[in-house]
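A.B. asks: Give the three-dimensional model of this entry:
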Amino acid sequence: MGATGATGNAVLHSLLALGAPVRALTRTPHAPIPGITGTHGPRPEVRYADAADAGSLRSAFEGATRLFLAMANGPAQVELETRAVDIAARSGIEHVVKISAPAAEHDSPVAVSRGHHAVEQHLRALGVSHTVLRPYAFMQNLLRLAPGIARGVILGAMADAPCNYVDCRDIGDVAAAALTGAGTGTGPYALTGPEAVSHPELATRLSTVTGHRIRYVNLTPEDFREHLVRRAHMPAWLADHVTEIQQLAVARPETPTDTVVRLLGRPPRTLDAFLHENRHRFRPQAGGPGSRPGGSV
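C.D. replies: Model prediction:
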């Protein structure tokens, strides 16, 4: 599920690289799936599925034996994921690989993490074989900050707290290993890259890779949330979530895990490699705001 999302698409490509038969589920089956173009190379079967439509899930799961479960965070996430798990169990799915979140605890200070905990508990209660993955901040999400970075600024409410980043392609490889039975257990597995990096350090590294000055501006949690709602036009629940996870990193300083190397036998991708790979996305456009060194909003 989630074949067009960052993690789901990474899992899809990892499975295709392994030669596994794979069915990509999407609410828009006629739209192109990222990275799957033309007629060359292995291609997935594509089917319509909407977690809000129980009938579509029953049809989509028919004949399948393993399910990758990833849904966008949102107010209805627990309801939708629980429905998907229930239908999967009744449809003959033998193993579920679920994308969860750090601090997935019943009393977590992050509301979305409390929801993931509820789904994890439901999986256990059903008795369905499963693997839980708890990735930290996706490196790919930095691309959403690219317009602000190109103008020379990163905003946040983390001060100098370290943040674990992980490349979605590493999540995809771990999930593919779990789906194909390559030595993973139930978990939960906390997935990170090889280092935790603070926002000020991130700004320094982006300055180096782009060749123009980028600064980190630290806000109070209240001001940061207001910025997300009023300037970034986030819905209130999402602004709450982003603020909560940043404050969690302040309250619980993050350190990297060795999970990726233990499960895959290779080190995880680095943040520096990701920034270099996408450096053109973070650079100011010629003639635009911030096109001069030191430019900012």
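
A.B. asks: Show me the domain layout of the chain.
C.D. replies: Split into domains by automatic domain parsing, the chain comes to 6-135, 138-165+194-254+269-297.

A.B. asks: Between the ones you listed, which one is closest to residue 180.
C.D. replies: domain 6-135 (5.7 Å; CB to CB). To be clear about C-beta, it is placed using only N, CA and C from the backbone, and glycine gets the same treatment.

A.B. asks: Of the domains of the chain, which is nearest residue 186?
C.D. replies: Closest to residue 186 of these, according to CB to CB: domain 6-135, at 6.0 Å.

A.B. asks: first vs last residue of the closest one, how far apart are they?
C.D. replies: End-to-end distance for domain 6-135: 12 Å, by CA to CA, to the nearest Å.

A.B. asks: for stretch 84-99, same thing?
C.D. replies: 13 Å.

A.B. asks: Pull the distance from it to the chain's centre.
C.D. replies: 20 Å (CA atoms, centre = their mean, to the nearest Å).

A.B. asks: try stretch 223-239
C.D. replies: Distance, centroid of stretch 223-239 to centroid of chain: 20 Å (CA atoms, centre = their mean).

A.B. asks: In PDB, could you pull the C-alpha coordinates for it?
C.D. replies: Below are the C-alpha coordinates for stretch 223-239, written out as PDB (Å, rounded to 0.1, in the frame of the first residue of the first chain):
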ATOM      1  CA  ASP A 223       5.900  30.600  17.000                       C
ATOM      2  CA  PHE A 224       7.000  27.600  15.000                       C
ATOM      3  CA  ARG A 225       3.500  26.100  15.000                       C
ATOM      4  CA  GLU A 226       2.000  29.500  14.100                       C
ATOM      5  CA  HIS A 227       4.400  29.800  11.200                       C
ATOM      6  CA  LEU A 228       3.400  26.300   9.900                       C
ATOM      7  CA  VAL A 229      -0.300  27.100  10.000                       C
ATOM      8  CA  ARG A 230      -0.200  30.700   8.700                       C
ATOM      9  CA  ARG A 231       2.800  30.700   6.300                       C
ATOM     10  CA  ALA A 232       3.200  27.100   5.300                       C
ATOM     11  CA  HIS A 233      -0.600  26.600   5.300                       C
ATOM     12  CA  MET A 234      -0.500  23.300   7.200                       C
ATOM     13  CA  PRO A 235      -3.700  21.900   8.700                       C
ATOM     14  CA  ALA A 236      -3.600  22.400  12.500                       C
ATOM     15  CA  TRP A 237      -3.200  18.700  13.200                       C
ATOM     16  CA  LEU A 238      -0.100  18.500  11.000                       C
ATOM     17  CA  ALA A 239       1.400  21.600  12.500                       C
END
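
A.B. asks: As CSV, the domains of the chain with mean neighbour count and distance to residue 171 would be great.
C.D. replies: Shown next, in CSV, are these (neighbours: other CB atoms under 10 Å; distance: least, CB to CB, whole Å):
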stretch, mean neighbour count, distance to residue 171
domain 6-135, 18, 5
domain 138-165+194-254+269-297, 17, 8
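
A.B. asks: To residue 187, which of those domains lies closest?
C.D. replies: It's domain 6-135; of those, that one is closest to residue 187 (CB to CB) at 4.3 Å.

A.B. asks: Which residues are in contact with residue 215?
C.D. replies: 152-154, 203, 296 (CB atoms under 8 Å, 6 or more residues apart in numbering).
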